[in-house]
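[1] Got a sequence here, can you model it:
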Amino acid sequence: MLIIRSNLMKFKILTFLSMLCTPVLLKAQGVEIPVSSKTKLTLSGMLQSQFNYSLDDDVDIKGLHHSGDEHFAHNSFSVKRARVQLNAAINDRINAVILVNFGDFTGNPQNKVLENAYIKYSVNDYVNFQFGQFRPQFGQEDNYPVDFVKSIDFSNQYYLFGANSWQSFQIGASFSGQIKDIAIPIQYSVGVFNGNNRNQVSDNDDGKIFPARVVLGLSKNTHLGASGGVGKNLGQKIWAYGVDIDYTKKLNERWGMSFVSEYKQGINSQEFFGQETPAIPISKYAMRGIYVLPNVCYSFKNTRLKDLEFAFRYEYLDADFRLAGNSRETYIPMLSASFAEAYAIRVQVGLQMDRYERNIPNTTQYNTNRVICQVQARF
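    Below is the predicted model of the structure:
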């Protein structure tokens, strides 16, 4: 069975690569293919590799506590992400984007691998439509890919709200735009999504979620964002909201700093539907979290080392604060070195310390200390 799965994964990878390479091969063989002369194709990629080391004798690299004598790994190398993106600029108004993560094949690829798959139609700065699978605008972390995060990864909050369909990759449509030439510039987005996460054949009910976001440019360096959304999931009314602020300042030619903070709260429908006999109403299952992320950067000139950064993320998150919540606090001091512009080559070393309100043996809800070394290449 393992051999069959391995061969199936290899077949999928080869199939995808052959699809990307087919136009090149056909052209080399003298076969004409109908591609518009105005279409511009851009192929890019990103690779993230990690080394994890658990500092706790009874906790493995995934944060799972072990009270018995079973064998488990305290350290391991892994491929976190191996992404390939194809961007097709069909004309001056229409773009099509496909993004896949081959790193998902190392685990359970079901409902994963495909991340972005959308078409964007841009009329002007004020009117933009997007259709397909992409990330809804529902927070600061939706504004940039993970390879530009000022920490080792997105926040725990991002993944929890993503599991509840407000962030991460979702299937639907959105309208967005921005107004620049006013005293306080405004960015806005409103969308409608299936609400059952990515890579689904179709929606599992008639309910949809409607997220919206507004960002105010308070100054050149400061932006204030507000997000909110309502929807239905299997007949249950759900909602979420959040507020965030980011500040970026170039102090001089060498020194720079930035600060990001977000607060969110909403209904944890995933927790509700995960119970055999859930408490009623669904509003009893509520999640909330906040994080702050200051970052200091020092730039070098005429050296292979371009930037050296220090970041410290503190996060508080409770996935079920109205019932049997077990709040989690996370501390991540991290040092990052960039050897090319825009994090094209980046090495990060961080210490992730998780502290729970109460330790639950033999689960991942247990205090952990983990050293993470991550190497990133963008091309």
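
[2] so what's Leu17 scoring on pLDDT?
    With respect to pLDDT, Leu17 scores 44.

[3] Repeat that for Gln265.
    98.

[4] Just the mean pLDDT for the helix or strand hosting Val84, thanks.
    Element membership for Val84 (DSSP states H and E) is strand 75-89. Averaging pLDDT along strand 75-89 yields 95.

[5] all numbers from here: first residue = 896
    Okay, residue one is now 896; in that scheme the one you just asked about reads as strand 970-984.

[6] how about it: buried residues?
    Neighbour-count burial for strand 970-984 flags 975-981, 983 (criterion: 16 or more other Cβ atoms under 10 Å). To be clear about C-beta, it is placed using only N, CA and C from the backbone, and glycine gets the same treatment.

[7] which secondary structure elements does that strand contact?
    Counting contacts by 3 or more Cβ pairs under 8 Å, 6 or more residues apart in numbering; DSSP states H and E, strand 970-984 packs against helix 897-923, strand 935-949, strand 989-996.

[8] and the angle for the last one with strand 970-984?
    Taking axes from the mean of the first three to the mean of the last three Cα atoms, to 10 degrees, one finds that strand 989-996 is oriented at 160 degrees with respect to strand 970-984.

[9] quick check: mean pLDDT across strand 989-996?
    96.

[10] Can you list the buried residues in that strand?
    990-996.

[11] In what element of secondary structure is Gly1057 found?
    helix 1051-1058.

[12] Can I get that helix in CSV? Just the C-alpha atoms.
    The C-alpha coordinates for helix 1051-1058 follow below in CSV (Å, rounded to 0.1, in the frame of the first residue of the first chain):
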residue,chain,number,x,y,z
ASN,A,1051,-1.6,30.3,15.6
GLN,A,1052,-4.6,32.7,15.3
TYR,A,1053,-4.3,32.6,11.5
TYR,A,1054,-4.5,28.8,11.4
LEU,A,1055,-7.4,28.6,13.8
PHE,A,1056,-9.4,31.2,12.0
GLY,A,1057,-8.4,29.6,8.7
ALA,A,1058,-9.8,26.2,9.9
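
[13] And it, how far out from the chain middle?
    9 Å (Cα atoms, centre = their mean, to the nearest Å).

[14] by contact count, what packs against that helix?
    strand 1150-1162, strand 1181-1194, strand 1202-1213.

[15] Give me the helices and strands touching the shortest one, please.
    Applying 3+ Cβ pairs under 8 Å, 6+ apart, one finds that strand 1202-1213 contacts helix 1051-1058, strand 1181-1194, strand 1223-1233.

[16] among the ones you listed, which is the most enclosed?
    helix 1051-1058 (a mean of 22; mean count of other Cβ atoms under 10 Å).

[17] tilt between that one and strand 1181-1194?
    130 degrees.

[18] for the record, mean pLDDT for helix 1051-1058?
    96.

[19] So what touches it?
    1033-1034, 1036, 1062-1064, 1092, 1135, 1157, 1159, 1161, 1163, 1165, 1182, 1184-1186, 1210, 1212, 1214, 1223, 1225 (Cβ atoms under 8 Å, 6 or more residues apart in numbering).

[20] Tell me where the model's unsure across the chain.
    896-932 (pLDDT under 70).

[21] Domain map for it?
    For the chain, the structural domains run 896-930, 931-1273, going by automatic domain parsing.
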